[in-house]
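Engineer: pasting the sequence and the predicted coordinates here, then a few questions.
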Amino acid sequence: MTTQGIKTVLHPVSDLGKAKAVYAALLGLAPQTDSPYYVGFDAEGQHIGLVPDGGPQGMTSPVTYWHVPDIDAKLAELTAAGAEVKEAAHEVGGGRLVATVIDLDGNVLGLIQDR
């Protein structure tokens with residue numbers, strides 16, 4: 001099964017207000033989502049998210065999210081190939097499912113399915 005590409009990148013940040021200003025300057029636009037627990041920008045088909053202190057996932061570096069039509073099938077393919085599930089598929093609102101796996105070198109890869 002093929003993916004729909006990388007469309008989302010989440011960045012852990014230590015100071016959400018300061019990071020929001022930097023990313024707004026970089027992207028040349030205001031955030032579309034602006035809350036104390038998440039700030040998100042939609043720029044040219046890409047979603048850039050800022051997560052204070054790495055969020056509940058404990059992110060320590062940016063995570064790219066591959067958009068897929070069937071998250072469970074893709075998780076099965078990845079684990080069969082040797083990846084380890086870090087965060088099982090779960091809904092985060094609006095019908096969106098997310099999951100993360102760890103590849104053989106310790107890199108975190110994200111998956112998103114929109115329903």
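Structural biologist: Sure, I can see it. Numbers count the residues shown, from 1 in each chain.
Engineer: off-centre distance for the lengthiest strand in the chain?
Structural biologist: Longest strand in the chain by number of residues (criterion: DSSP state E): strand 84-93. Remark: strand 84-93 is offset 11 Å from the chain centroid, using Cα atoms, centre = their mean, to the nearest Å.
Engineer: give the buried residues for stretch 45-63.
Structural biologist: Within stretch 45-63, the residues scored as buried using 16 or more other Cβ atoms under 10 Å are H47, I48, G49, L50, V51, P52, G54, Q57, M59, V63. Placement of C-beta: from N, CA and C, glycine included.
Engineer: now do the first one against A73, distance only.
Structural biologist: Right, H47. According to Cβ to Cβ, to the nearest Å, H47 stands 23 Å off from A73.
Engineer: quick one: end-to-end distance for stretch 11-21.
Structural biologist: Counting by Cα to Cα, to the nearest Å, you get 14 Å between the two ends of stretch 11-21.
Engineer: pull the residues that contact it.
Structural biologist: Residues outside stretch 11-21 that contact it (Cβ atoms under 8 Å, 6 or more residues apart in numbering): 23, 31, 34, 36, 39, 48-55, 59-62.
Engineer: tally of neighbours for G94?
Structural biologist: When neighbours are defined as other Cβ atoms under 10 Å, G94 has 7 of them.
Engineer: repeat for K18
Structural biologist: 10.
Engineer: again with the one 5 residues further on
Structural biologist: When neighbours are counted by other Cβ under 10 Å, Y23 registers 20.
Engineer: distance check, it against P52.
Structural biologist: For Y23 relative to P52 (Cβ to Cβ), the value is 13 Å.
Engineer: likewise for H67?
Structural biologist: From H67 to P52 the distance is 24 Å (Cβ to Cβ).
Engineer: swap in T33?
Structural biologist: T33 is 13 Å from P52, by Cβ to Cβ.
Engineer: got any residues that touch both of those two?
Structural biologist: Contacts common to T33 and P52, judged by Cβ under 8 Å, 6+ apart, are absent.
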